[in-house]
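A.B. asks: here is a sequence together with a model predicted from it:
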Amino acid sequence: MKPSTNRMINRIKSIYMYICQNGTVTTQDLVEEFGITPRTIQRDLNVLAYNDLVKSPSRGKWTTTQKKVRMSS
């Protein structure tokens, strides 16, 4: 796997874990926590939403779904 792909996967996992731990978060919360651009955060959230792991109950806010996830390192 390419190093850039590995970084992306690790970043997406970190974002998912952050949302799990903090409940409903805003896109801006994620930008500030991870120090990356809003566009990158949005792309990562789109990946999580596509896989039914997060949802947006209102514009700009994100929370996890009830889907069970098995995390590996």
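C.D. replies: Happy to help now that I have it. Keep in mind that this is a model prediction, so the values were computed, not measured.

A.B. asks: next, the buried residues of stretch 30-49.
C.D. replies: By neighbour count on 16 or more other C-beta atoms under 10 Å, the buried set for stretch 30-49 is 30, 31, 41, 44, 45, 47, 48. Glycine gets a C-beta too; all of them are placed from N, C-alpha and C.

A.B. asks: does residue 8 fall in a helix, a strand, or a coil region?
C.D. replies: Under DSSP: H, G, I helix; E, B strand; the rest coil, the three-state class of residue 8 is helix.

A.B. asks: which residues touch the residue nearest the centre of the chain?
C.D. replies: With distances taken as C-alpha atoms, centre = their mean, residue 15 lies nearest the centre of the chain, 3.7 Å away. Taking C-beta atoms under 8 Å, 6 or more residues apart in numbering, we find residue 15 in contact with 30, 34, 41, 44, 45, 48.

A.B. asks: let me know the secondary structure of it.
C.D. replies: Per three-state DSSP, the secondary structure class of residue 15 is helix.

A.B. asks: could you dump the buried residues of stretch 30-49 to TSV with pLDDT?
C.D. replies: Listed next are the buried residues of stretch 30-49 as TSV, based on pLDDT from 0 to 100:
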residue	pLDDT
30	97
31	97
41	97
44	97
45	97
47	96
48	97
